Every structure is written in structure tokens, then in C-alpha cells.
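Chemist: Quick one, fold the following:
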Amino acid sequence: MKPLKVFDYNNYSYLGGVLYLKNHLGFSNAGDYSNRLRKFLPNIKERNLTIDFNQLKSIDSAGVAAIYNTVSILNKKGITTSFTGESETIKEKLELFKPPAFEKHKSEQEYGFLLKVGDLLYKVFKEHALSFLYLIADISYWTISDIFNRKQRRKGEFVNQAVNIGVNAVPIVVVLTFIIGMVISVQSATQLRNYGANIFIVDLIVISMMAQMGPLITAILVAGRSGSAIAAEIATMKVTSEIDALKTMGLNPLRYVVIPKIYGGIITMPFLTILANVAGIAGGALASYIYLDITPEIFINRMSGVLYQKDIITSIIKSVVYINLIVITGCYFGLRVEKGAEGVGKSTTKSVVAAISLVIVADLIMGLIFYR
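Modeler: Presented below is the predicted three-dimensional model:
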């Protein structure tokens, strides 16, 4: 079967998914080669095309440009290309004159979905995870160091942060957890009534609020309320050069700005979580009385048998871990703010999303640790 004479028969031909290059490809015939290829493209039905260099004697920079132009055109049409039969000289010239745009396009073609996802995760880890871990190390150092050296501590700042992070959040946390406790009870009442297991609503509410929902809901509310405020405050200080001013005065910004927030959060978050647990259980008890006729006396008696010290300690430990993640995340994105008011908004948004995500991941990890 004779090759299909698409181009000049002496220099190039095409047959069965193979483009044969012959003799010489360079300044003298590269333009003619490219023009004929464009006209012939609709006739190529194969999805994979091989460019054969076995019969090609020489090539220059114009010929290499024509080859890569061919590859680019074919890739845009959804046709993958490969080379075969290159001599060492031709291979060196193909590498030497390879355009950067082709390198990028080639990598996109060669990498599959999983490799792209892996590359994205690596970039995220390299850009954020390591910096976040370094920040955690710095904050941990100054948190412990500040306990023994109080000279540079701002008087009254600890109390201010405790009020802002904890005390001011009490109304919203108590109201919402009370409603959530009622919702859990109402949603569960129908199914439990069908099986005559009304009394087990107490177990469900107490265990779910103490071990899971109370700390988690509190952390999410604090992340949205206080975490965003922390990120916005630090981002604004960064944009207005207040952070640089602190460094100029010889003050460590982390110790001066962030550590009081850590202390305030660590002290108030456990109490806030306990209030959330109590409010959630109270809401569940009210709904149980309305829908399942479980009186407060019966509810309390049953609760004393299902409430364990382990659940209380677990709830407090979770709250301390969550508040540290929230404050550190707000600090991290606040310090990485871009210039301008828009950058402050973006940093605040990223901080809230990242803090809630980290809280959920931490909840999963601690759940696996505490309830094996």
C-alpha cells in the first residue's frame, strides 16, 4: 500500500497515523510543510499520531518550530502525538529549541487527574502547611515563655480578650445550642416513639451534646464570630504597618497581639462549651417533655446514669484544641494579607473557612482517639 501523498512526496508523507519526515526540514520548506498540514488536518481521523524521523537527514531551528507547531495544532484538535526514530543530533535540536509554551502544554497532556490533584496538594502543603506549622511552633514558644516573663505583657489585655472571645459570645452560643438540642430531640422523638424507646432520648441528647455537638457547635460559632474578628484585626494592623511598627519598637507581634488572645480563649472556651452543653441538654429536655412526656425528674435521673466523667473531660479537651486552632488560623491569614481593604476581606473569609475546616478535621481525629 503506497503512502498517502499529502505533502511534497520527497520530504513528507502520511500513512495510517504516522507522519514520515524525509531528507531535510528547515527554512527552505518549513512554511510549505505547515501550510499543507493545515489543509490536510480534516483528513486525519486517528486520535494518536506518530511523527517518524527515521528518514530525516537534517533539521534546523525553523524545522523544529514547524514540528512543535504541528504538535500544538494536533493537541488542540484532541490528537495526541509522539516522536520516533530521532537521531542523537535531531533529538538534541528538538530539546534545544523546544518552546516553553509547549513544555506547559505537554505537561497538561501527560499528567492524569490523580497527578494533577497530587501536584495541587503538594503546592498547598508547601505554601501553607509548613508556614502554618512554623507559626504554631512560634506561638507555642511564646505562650509558654510569657508565663514566666511578664515584663512585656500589656496590662488588662488578657481580660479584654477573655471578654471579647468568651463572655460576649455567651448569648448566641446558649441560644443556638438550646435550639439545636430541641431539634435533635424533636427529630429523634418520632422514631423512638415507634419502638417504645422514649426513655433513650435522654441517652441520645446527653451523649451527643457532651461528646460531640456541644464542643463542635461552640467552636464553629466562635470561629465565625471571634476567628473572623482576629483575622480582620491582624490583617488591618498588617496593612496599616502597625505590625512593622511593633517590630521597630523591639516588640514581638506574636507576643504582643496573639498571645493574649490565646490565653483569653483557653480560659473562656471550656466554660463556654460547658454552657453550650447545658443549654443543649436543657433544650432537649424541654422537647422531650413536650413530645414524649418525659418529666424533668425522669430526665435528670436517667441523665445521671449516662453522663460519665470521661465525656466531660473530652468536651473540655476538645474546646481547648479548637480555640487554639481558631486563634492560630486567624493569626496566620491575618499576617498573610494582601495590600488594601479587599485583602482584609479575603483574609477574613479564608480564615473562617480554614478554621471551621480544621475544627472538623480535629474533631474527627480526636473522635478516633477518644472513642476507640
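Chemist: Buried residues of stretch 254-271, list them for me.
Modeler: For stretch 254-271, the neighbour count (16 or more other C-beta atoms under 10 Å) marks 254-270 as buried. C-beta here means a position set from N, CA and C on the backbone, and glycine is covered the same way.
Chemist: Not counting it itself, show me its contacts.
Modeler: Outside stretch 254-271, the residues that touch it by C-beta atoms under 8 Å, 6 or more residues apart in numbering are 138-139, 142-143, 145-146, 152-154, 157-167, 218, 222, 226, 230, 233-234, 237, 243, 246, 316, 319-320, 322-324, 326-328, 331.
Chemist: Only C-alpha atoms, please: export that stretch in PDB.
Modeler: Extracted C-alpha coordinates of stretch 254-271, given in PDB (Å, rounded to 0.1, in the frame of the first residue of the first chain):
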ATOM      1  CA  LEU A 254       3.000  37.400  68.200                       C
ATOM      2  CA  ARG A 255       3.700  38.000  71.900                       C
ATOM      3  CA  TYR A 256       2.100  41.400  71.900                       C
ATOM      4  CA  VAL A 257      -1.000  40.700  69.800                       C
ATOM      5  CA  VAL A 258      -1.700  37.000  69.600                       C
ATOM      6  CA  ILE A 259      -0.700  35.500  72.900                       C
ATOM      7  CA  PRO A 260      -3.300  37.500  74.900                       C
ATOM      8  CA  LYS A 261      -5.900  36.100  72.600                       C
ATOM      9  CA  ILE A 262      -4.600  32.500  73.100                       C
ATOM     10  CA  TYR A 263      -4.800  33.000  76.900                       C
ATOM     11  CA  GLY A 264      -8.300  34.500  76.800                       C
ATOM     12  CA  GLY A 265      -9.600  31.800  74.500                       C
ATOM     13  CA  ILE A 266      -8.000  28.900  76.600                       C
ATOM     14  CA  ILE A 267      -9.600  30.200  79.800                       C
ATOM     15  CA  THR A 268     -13.100  31.000  78.500                       C
ATOM     16  CA  MET A 269     -13.700  28.400  75.800                       C
ATOM     17  CA  PRO A 270     -14.100  25.500  78.300                       C
ATOM     18  CA  PHE A 271     -16.700  27.400  80.200                       C
END
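Chemist: Output stretch 208-222 in PDB, but only the C-alpha positions, please.
Modeler: Written as PDB, here are the backbone C-alpha positions of stretch 208-222 (Å, rounded to 0.1, in the frame of the first residue of the first chain):
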ATOM      1  CA  SER A 208     -24.400  13.700  71.600                       C
ATOM      2  CA  MET A 209     -24.200  17.200  73.200                       C
ATOM      3  CA  MET A 210     -21.500  16.400  75.700                       C
ATOM      4  CA  ALA A 211     -19.200  14.400  73.400                       C
ATOM      5  CA  GLN A 212     -19.800  15.900  70.000                       C
ATOM      6  CA  MET A 213     -22.400  18.600  69.300                       C
ATOM      7  CA  GLY A 214     -21.700  21.000  72.200                       C
ATOM      8  CA  PRO A 215     -17.900  21.500  71.600                       C
ATOM      9  CA  LEU A 216     -18.300  21.400  67.800                       C
ATOM     10  CA  ILE A 217     -21.200  23.900  67.600                       C
ATOM     11  CA  THR A 218     -19.400  26.200  70.000                       C
ATOM     12  CA  ALA A 219     -16.200  26.100  68.000                       C
ATOM     13  CA  ILE A 220     -18.000  26.800  64.800                       C
ATOM     14  CA  LEU A 221     -19.800  29.800  66.300                       C
ATOM     15  CA  VAL A 222     -16.600  31.100  67.800                       C
END
